[in-house]
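1. here is my input; please provide its structure:
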Amino acid sequence: MKNNLIRLCFLLLNLPLLAQTPPVELSWWNPAEHPEPVIEGQAWPKERKLPYDRLPGRAEGKVRDVVWRLSRQGAGLMIRFRATTDQVVVEYGTTGNHAMPHMPATGVSGVDLYALNADGDWRWCAGKYSFGDTVRYRFPDLEANDRYHQKGREYRLYLPLYNGVKWLRIGVPKGVAFSPLPVRMDKPVVIYGTSIAQGACASRPGMAWTAILGRKLDRPVINLGFSGNGRMEPEMVGFLPEIDAKVFVIDCLPNLISTVNIPAEEIRKRYVEAVRLLRQKRPATPILLVEHAGYTEGGISPVRKKYYTEANELLRQTFAQLKAEGIDRLYLLPFSEIALDQDAMVDGTHPSDLGMQQYADAYERSLRTILNEPTGPYDTMKPCIQYRDANIYDWDARHQSILAQIKAKPPRAVFLGNSITHFWGREPKSAITTGSDSWEAVMAPQGVMNLGYGWDRVENVLWRVYHDELDGYKAARVLIMIGTNNIGLNSDAEIVAGLKLLVLAVKARQPGAGVVLIGLLPRRKEETRVAGLNESIARACGELDVTYANPGTVFLNAEGRIDESLFSDGLHPNAAGYRKLAEKLSPYLK
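-> Numbering: from 1, shown residues only. Next up is the predicted model:
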């Protein structure tokens, strides 16, 4: 009896082990072997000596040896892919030690995985990891798909901050859809700095302030942070203007305090020459100089406080000198605006995760002002991407295609909108087209480019405007018809507030264009609300000094309801409806 009880207890204790399912067979993908660039954060992807280098091969022997060695660490590198999977496995080898005394292995040598849902919201993925000759991360229990479609979701994998990657592969269960995503064409934020920019002492790669900033702005980031060696040396600075950047950020002062024995005049000279070079080679690109953020014991240590206050005063004087020379689009982020609190650092010098967040917040405030990308309190005023209509088209691919098309053939006029515009006609072609005859007859002769995206809301169009779809050319007309997909999610006041911000963003990028804000088309069972909303949009047009058009009245019958004969589904016009829409819009194109 006693023996039977022992055997029963043994079986019960080990039941979870006995019931374990066999390991899932994985399909593996190696980013370094992909035929097109997929490792984001590399400014010279075709000049790499090794797959995960941050500087081009010709930098070896030109920059100091320590800078070259640090450039082989993976800070800022990121890989994007899309998958319909409930788990992701990452395996890789590293070149150095896994941890440091003041920074954990997960930050020094770990990877970090983030996902995006179909509405553009971030989701962090918890990893189960082991460190050894091969580092292994497993991200289990993932929701494979969003409610809108069965095409999976986008993932972004951040690589180690303070270790080099020898090799890396990404695995998903066999049979699931997996698509590598190419490096984005959007101009990057280029950051040249110190260990703080490289990522010390974030607990994991996604918590480096550069990574946080990249998510906040949703823009590629080139991380040229070199621990202890961001010293504004001409050999390194000379590489910066080779990058077609959205903005250059120079945050080197923590490596240029008096203890490094570089004379103050030499530091001033390096800053002056660097800014002059950038302005000569990149005359229109903003440059942000950043003061020393200080040390958390500065409030009690006069010696430590003296180091950063002296450095900041020198930078202020240098900034004033450069502005007096007439250098424009040059900005300063001061110590007071970074405003780290006393709990924001690990060792008095390097930020903790809290400090990294405070750094990123300060940078976001500054860069949104510089780049004219403000946000507001409502969802309609917070730019974001989406992936809701993936069964019909790829949102990201359409954006990249439009950027390429704009560069190849700048349009005379553009029409920003949702599926009502997207599926009307013309390039870039859609899988669904209704009413292309009226587009070809009315819109095409006026040189209108179709910038409609199915399922877009106000905030998605705002993202696209902030991400270069109106940059680099001069349009005669910009037509905007957006907001119907916000009905049911946002109040009228929120929709109008988003439209106002959107119009201001358009006017800032196309100051010579005639802007036409079009009232929403009536839709089944929402006719009364749409009519009231359009009255508010009309008033907003008066405040903004832009043209208001209300072609939707042609879709209503005598009772004020939609004429069903002009719609395919109560929302999208059919061919006859599009002909009426084209006729009403024609006067605004001339």
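
2. next SSE after the strand ranked longest in the chain?
-> In the chain, taking DSSP state E as the definition, the longest strand is strand 165-173. Sequence-wise, the next helix or strand downstream of strand 165-173 (DSSP states H and E) is strand 178-180.

3. just the CA atoms of the next helix or strand after that next one, as PDB, please.
-> With elements assigned by DSSP H and E, the helix or strand that comes after strand 178-180 is strand 189-193. C-alpha atoms of strand 189-193 as PDB (Å, rounded to 0.1, in the frame of the first residue of the first chain):
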ATOM      1  CA  VAL A 189      17.100  60.200 -37.600                       C
ATOM      2  CA  VAL A 190      20.900  60.100 -37.400                       C
ATOM      3  CA  ILE A 191      22.400  60.100 -33.900                       C
ATOM      4  CA  TYR A 192      26.100  60.600 -33.200                       C
ATOM      5  CA  GLY A 193      27.000  60.200 -29.500                       C
END
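
4. what's strand 189-193 packed up against?
-> helix 209-217, strand 221-225, strand 247-251 (3 or more Cβ pairs under 8 Å, 6 or more residues apart in numbering; DSSP states H and E). Using the backbone N, CA and C atoms, a C-beta is placed for each residue, glycine as well.

5. what's next to it, contact-wise?
-> Here strand 189-193 makes contact (Cβ atoms under 8 Å, 6 or more residues apart in numbering) with 43, 76, 197, 210, 213-214, 217, 219-226, 230, 236-237, 240, 243, 245-252, 254, 290, 367.

6. hey, where'd the strands end up in the stretch 351-500 of the chain?
-> Taking DSSP state E, counting those that start in this stretch to define them, one finds strands in the stretch 351-500 of the chain at 413-417, 448-452, 477-481.

7. thinking again about what came up before, nearest to Met356, of the helices and strands packed on strand 189-193?
-> helix 209-217 (4.4 Å; Cβ to Cβ).

8. tell me how far the closest one lies from the chain's centre.
-> 8 Å (Cα atoms, centre = their mean, to the nearest Å).

9. now it against strand 247-251, angle please.
-> 150 degrees (axes from the mean of the first three to the mean of the last three Cα atoms, to 10 degrees).

10. got the buried residues for helix 209-217?
-> The neighbour-count check on helix 209-217 (16 or more other Cβ atoms under 10 Å) flags Trp209, Thr210, Ala211, Ile212, Leu213, Gly214, Arg215, Lys216, Leu217 as buried.

11. list the residues that contact the third one.
-> When contacts are counted by Cβ under 8 Å, 6+ apart, Ala211 is found next to Gly76, Met78, Asp112, Tyr158, Gly199, Ala202, Pro205, Val221.

12. can you pull the contacts of the fifth one?
-> Spelled out, that is Gly199. Gly199 neighbours (Cβ under 8 Å, 6+ apart): Ala75, Gly107, Leu161, Tyr162, Pro205, Ala208, Thr210, Ala211, Asn223, Gly225.

13. one more: the second one?
-> Applying Cβ under 8 Å, 6+ apart to Met78 gives the contacts Ile39, Glu40, Gly41, Arg156, Leu157, Tyr158, Leu159, Ala211, Gly214.

14. nearest to Met185 among those residues?
-> Nearest to Met185 among the contacts of Met78, with distances taken as Cβ to Cβ, is Glu40, at 11.0 Å.

15. the closest one and Pro180, how far apart?
-> 11 Å (Cβ to Cβ, to the nearest Å).

16. kindly report the same for Gln150.
-> Applying Cβ to Cβ, the value for Gln150 to Pro180 is 19 Å.

17. the more surrounded of these two?
-> Pro180 (16 against 11; other Cβ atoms under 10 Å).

18. partner strands of the longest strand of the chain, with direction?
-> strand 26-29 (antiparallel), strand 88-94 (antiparallel) (DSSP bridges).

19. in the chain, which helix or strand is least confident?
-> Least confident helix or strand, the chain: helix 15-18 with a mean of 46, by mean pLDDT, DSSP states H and E.

20. which of the buried residues of helix 209-217 lies closest to Trp68?
-> Distances from Trp68 to the buried residues of helix 209-217, taken as Cβ to Cβ, are shortest for Thr210 (20.2 Å).

21. tell me the contacts of that closest one?
-> Counting by Cβ under 8 Å, 6+ apart, Thr210 has contacts Ala75, Gly76, Ile191, Ala197, Gly199, Val221, Asn223, Gly225.

22. which residue, other than its chain neighbours, is closest to the fourth one?
-> Spatial nearest neighbour of Ala197, excluding adjacent residues (Cβ to Cβ, 6 or more residues apart in numbering): Gly225 at 3.0 Å.

23. all set, thanks.
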